[in-house]
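**Student:** Show me the folded form of this:
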Amino acid sequence: MKHISDSRSYDLAGLYTLSLRLVIGWTYFSAFWRRLVLENKLIPDEAGYIGEKFNHFLPNALGIKPLIEYLVTHPDVLHTSMVTFTIVEAVVGLFIILGLFTRLMSIGIFGLAMGILLGSGWIGTTCLDEWQIGVLGIAGGFVLFLTGSGPFSLDHYFIKNDKNFTRKKWFLWLGSGILPFSKPKTIVFAGSLFIFGLTLYTNQYFHGGVWGTLHNKSVKPKIEISNISLVNTDLTFEVYRTEGADVYGSFLIGIHILDKNGNMIKALNHAELSKFSKENIRNHYVAKVKPGKHSLVIPLGSKADLTLNLNGILMGKEKIHTIKLIDINGIEWTARVHNL
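**Tutor:** This next block holds a predicted model:
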């Protein structure tokens, strides 16, 4: 009788989480649907390539930054990873919707959501979008692992039709049915506490959302200038965009080279930057700095070496004091030149 009562309880739990299962399933399956069915976003060097969007995660990822940097500096490996990632999302999402091997797929949901959280939890211009998707996906995956699927699922169909594999112990762990927990309250409490702690920690780490000053690194662009060198008359420096909206580039309309008194030695305006020679841009990642229609476009996560020729105006290395970059919205970034 106890077994029947437990089975009934799990059926009801799976039934009550049906809407959660369908919505989470579509959330992940739709990634595949958008990238390959509605539009092909797996073609490198074309607008909307998912690998470039993955590059946007890099500047402020938590714990997995070396992995992301390896992928975006190895385009072939990145492309293979993006294709594999998309297939995994399709399988996990579809199986969750169908309620097939629900617990195994819920582990997939948990892992995919964890990747979203650690990689892009800092992105979101208004509502901390990616962080919310990540933490809710982790919590949802955990709940679906505990409940399994109810009456409206293939797992339930196979169990009711007494398929041989549903009587195997592994199916209870990977499919649906009565989980063989001796202390379910302890497991649920410990898992929930871990997820809640992860939620608070990442909320604070990415956004200062628990104490202190709130911050949002997706609101306005930030560019770091480094590795400044002068070889003959060629001044080279590295630009790296680390903040700002992932769907909108930084539009550079001015580069000024200044002396110690703030006087301009050389200046490039928006028209000149829109025609900036691609030969003088050495991109490091798949997200590329490139000339646009009215400016030099610097996407989120892109890093590149820019080379300016100072021929005809250079009057000694000591004269070069500061590099200033000017964005179309008026933001300026400067870097002091030391020991060229």
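
**Student:** C-alpha from now on. contacts and neighbour counts both.
**Tutor:** Will do.

**Student:** Ignoring the adjacent residues along the chain, who's closest to G208?
**Tutor:** In space, and not counting its chain neighbours, G208 is closest to L214: 4.7 Å by Cα to Cα, 6 or more residues apart in numbering.

**Student:** Could you check how far W26 is from G141?
**Tutor:** The span separating W26 from G141 equals 13 Å under the rule Cα to Cα, to the nearest Å.

**Student:** Oops, could you answer that again for A90 instead?
**Tutor:** According to Cα to Cα, A90 stands 16 Å off from G141.

**Student:** Looking at those two now, which is surrounded by more residues?
**Tutor:** Neighbour totals were compared for A90 and G141, and G141 leads with 26 against 21 (other Cα atoms under 10 Å).

**Student:** what does the helix or strand containing F251 contact?
**Tutor:** Secondary-structure element containing F251, defined by DSSP states H and E: strand 250-258. Under the contact criterion Cα atoms under 8 Å, 6 or more residues apart in numbering, strand 250-258 has outside partners 221, 244, 264-271, 273, 294-300, 320-328.

**Student:** Next, find the distance separating the nearest residue to Y248 once chain neighbours are set aside from V239.
**Tutor:** Ranked by Cα to Cα, 6+ apart and with sequence neighbours excluded, the top spatial neighbour of Y248 is P299, at 7.0 Å. Summarising the geometry, the distance separating P299 from V239, computed by Cα to Cα, is 11 Å.

**Student:** Also M114?
**Tutor:** Using Cα to Cα, one obtains 30 Å as the distance from M114 to V239.

**Student:** Enumerate every residue touching V23.
**Tutor:** Contacts for V23 were tallied using Cα under 8 Å, 6+ apart; they are I97.

**Student:** Tell me, what's the model's pLDDT at it?
**Tutor:** Predicted confidence (pLDDT) for V23: 97.

**Student:** Name the helix or strand for it, please.
**Tutor:** Secondary structure assignment for V23, by DSSP H and E: helix 18-32.

**Student:** Could you give the separation of that helix from the chain centroid?
**Tutor:** Mean C-alpha position of helix 18-32 versus that of the full chain (Cα atoms, centre = their mean, to the nearest Å) differs by 19 Å.

**Student:** starting at the chain centroid, how far to the next helix or strand after it?
**Tutor:** Scanning the chain past helix 18-32 towards its C-terminal end, the next helix or strand to appear is helix 50-55 (assignment: DSSP H and E). Helix 50-55 sits 8 Å away from the centroid of its parent chain (Cα atoms, centre = their mean).

**Student:** quick check: mean pLDDT across helix 50-55?
**Tutor:** Computed over helix 50-55, the average pLDDT equals 95.

**Student:** Next secondary structure element downstream of that helix?
**Tutor:** Next element after helix 50-55 (DSSP H and E): helix 65-72.

**Student:** Could you measure from the closest residue to H156 other than its chain neighbours over to Y16?
**Tutor:** Closest residue in space to H156, ignoring its immediate chain neighbours: G150 at 6.1 Å, by Cα to Cα, 6+ apart. Using Cα to Cα, we find G150 at a distance of 8 Å from Y16.

**Student:** and these two? which has more neighbours close in?
**Tutor:** For G150 versus Y16, neighbours defined as other Cα under 10 Å are more numerous around G150 (25 against 15).
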